[in-house]
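**Student:** build me a model:
(chains A, B, C and D)
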2 protein chains.
Amino acid sequence: MKQSTRDHIIQTASELFYEKGYNLTGINEIIAESGIAKATLYSHFRSKEELLLAYLEVRDQELLTNIRAFCESKPQGDSRLVAVLEFLIPFFNRGDFNGCWCLRSMAEIPRENENVRKKIRAGKQKLRGFILELVKDNKPAMSAEQQTALGNQLYLLYEGAVGESHLQDASWPIETSIDLLTSKLRQGT
Amino acid sequence: MKQSTRDHIIQTASELFYEKGYNLTGINEIIAESGIAKATLYSHFRSKEELLLAYLEVRDQELLTNIRAFCESKPQGDSRLVAVLEFLIPFFNRGDFNGCWCLRSMAEIPRENENVRKKIRAGKQKLRGFILELVKDNKPAMSAEQQTALGNQLYLLYEGAVGESHLQDASWPIETSIDLLTSKLRQGT
DNA sequence: AAACCAATAGACAGACTTGTCTGTTTACTA
DNA sequence: TAGTAAACAGACAAGTCTGTCTATTGGTTT
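**Tutor:** Residues are numbered from 1 along each chain as shown, chains lettered A, B, ... in the order given. Presented below is the predicted three-dimensional model:
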């Protein structure tokens, strides 16, 4: 089944937004790249901002699906927690890695744009929720407070690793965060 | 002694760039805000990009000065390492906190702009260098490898805390990173 | 075959942008 | 007092951008 026009537009915009940034990607570029007419785009999306929201949605969705699958491919227990960070290694190596789309988008929109900001926070919230669930599932002996604390720490390490590996254009921040987590986990047992 | 015109321009641009972002701040806004003529600006800076470089320079410089002073105000030893993260609490609370200017600028310039990218990396390198020195000074018993590892971890926690406290608009990431560091330091002794 | 719908190309409006240039005014110094 | 250097206001060029609109084409359904 052929991809719908709408999805095709999102796909193209998504790649361009992520590669070049939101403001530096023009509507004209999006339509040229995806081979559609401008009126077609504007019949599917009321504005460029709406396209940005769709972009954030699919990226967040995709990430969650992928990271979930990756973690479930590991044996239960601590290794599933470490997997959250290990997941970043192939992600970083994929060539089109360009950091966190949330932070990048955040930097590009005006402060008062609550629409986009909300969307960004919602996406991160889902990721944080997933990590917390993962901790609960794999650290059942821990108290709820401990689980929350560990979840937040893991989330923080994840975000730090993404941001820094991008900025430094190197994978050592990922490895550093893995080290930090594993030593933390060893400590707990 | 009156601030030189050049410094005055940088000051104004710096505030605007940090608050609204580079692309969303127009030259006209900078001159209006600082009350100077356009020709004056362009007699001091060849382009907007040159102004961006100056902005990154002074921000990085200022940060390093402040964080250094803050750490030295603490007693020697582990507390000086924790201070790197504690430094972020007043920073976050200052009202005009808006995350890391490096990451924000990184997100706004085209990929091929090596000029700005280099400047950004250089700034971060200095910060990383400072942290490494701090570790060496306050963990003299450690081997060089351990010092480097701890330095990288502390740097990573710092960056994660900045990025996330900004994104989440909350200070818990800072506290989480402090927890992670202190438990790590306890482990070492 | 006729009606309808979705997509097409691309001109256009209107509002931005950076950077240049002209000509004037102010302030300090020789 | 004359001369120099710096800052002034603001018009302007040349380009960018988003979003609208017209007029046309192709395919599907009734």
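
**Student:** and A:Leu52, what does it touch?
**Tutor:** A:Leu52 sits next to A:17, A:22, A:105, A:109, A:116 when contact means C-beta atoms under 8 Å, 6 or more residues apart in numbering or on different chains. Heads up, the C-betas are built off the backbone N, CA and C, glycines and all.

**Student:** quick one: what helix or strand has it in it?
**Tutor:** helix A:48-72 (DSSP states H and E).

**Student:** okay, buried residues for that helix please.
**Tutor:** The neighbour-count check on helix A:48-72 (16 or more other C-beta atoms under 10 Å in any protein chain shown) flags A:48, A:51-56, A:59-60, A:63, A:67, A:70-71 as buried.

**Student:** restrict those residues to those near DNA strand D?
**Tutor:** Among the buried residues of helix A:48-72, the residues lying close to DNA strand D (C-beta under 7 Å from any atom of the strand) are A:Lys48.

**Student:** output the buried residues of helix A:48-72 as TSV; include the columns pLDDT.
**Tutor:** Converted to TSV, the buried residues of helix A:48-72 look like this (pLDDT from 0 to 100):
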residue	pLDDT
A:Lys48	97
A:Leu51	96
A:Leu52	97
A:Leu53	97
A:Ala54	96
A:Tyr55	97
A:Leu56	98
A:Arg59	97
A:Asp60	98
A:Leu63	98
A:Ile67	98
A:Phe70	98
A:Cys71	98
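
**Student:** including distance to B:Arg94, could the buried residues of helix A:48-72 go into JSON lines?
**Tutor:** Putting those into JSON lines (distance: C-beta to C-beta, whole Å) gives the following:
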{"residue": "A:Lys48", "distance to B:Arg94": "33"}
{"residue": "A:Leu51", "distance to B:Arg94": "35"}
{"residue": "A:Leu52", "distance to B:Arg94": "29"}
{"residue": "A:Leu53", "distance to B:Arg94": "31"}
{"residue": "A:Ala54", "distance to B:Arg94": "35"}
{"residue": "A:Tyr55", "distance to B:Arg94": "32"}
{"residue": "A:Leu56", "distance to B:Arg94": "29"}
{"residue": "A:Arg59", "distance to B:Arg94": "31"}
{"residue": "A:Asp60", "distance to B:Arg94": "30"}
{"residue": "A:Leu63", "distance to B:Arg94": "32"}
{"residue": "A:Ile67", "distance to B:Arg94": "34"}
{"residue": "A:Phe70", "distance to B:Arg94": "39"}
{"residue": "A:Cys71", "distance to B:Arg94": "38"}
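
**Student:** find the nearest non-adjacent residue to A:Ala54, please.
**Tutor:** A:Ile10 (5.0 Å; C-beta to C-beta, 6 or more residues apart in numbering or on different chains).
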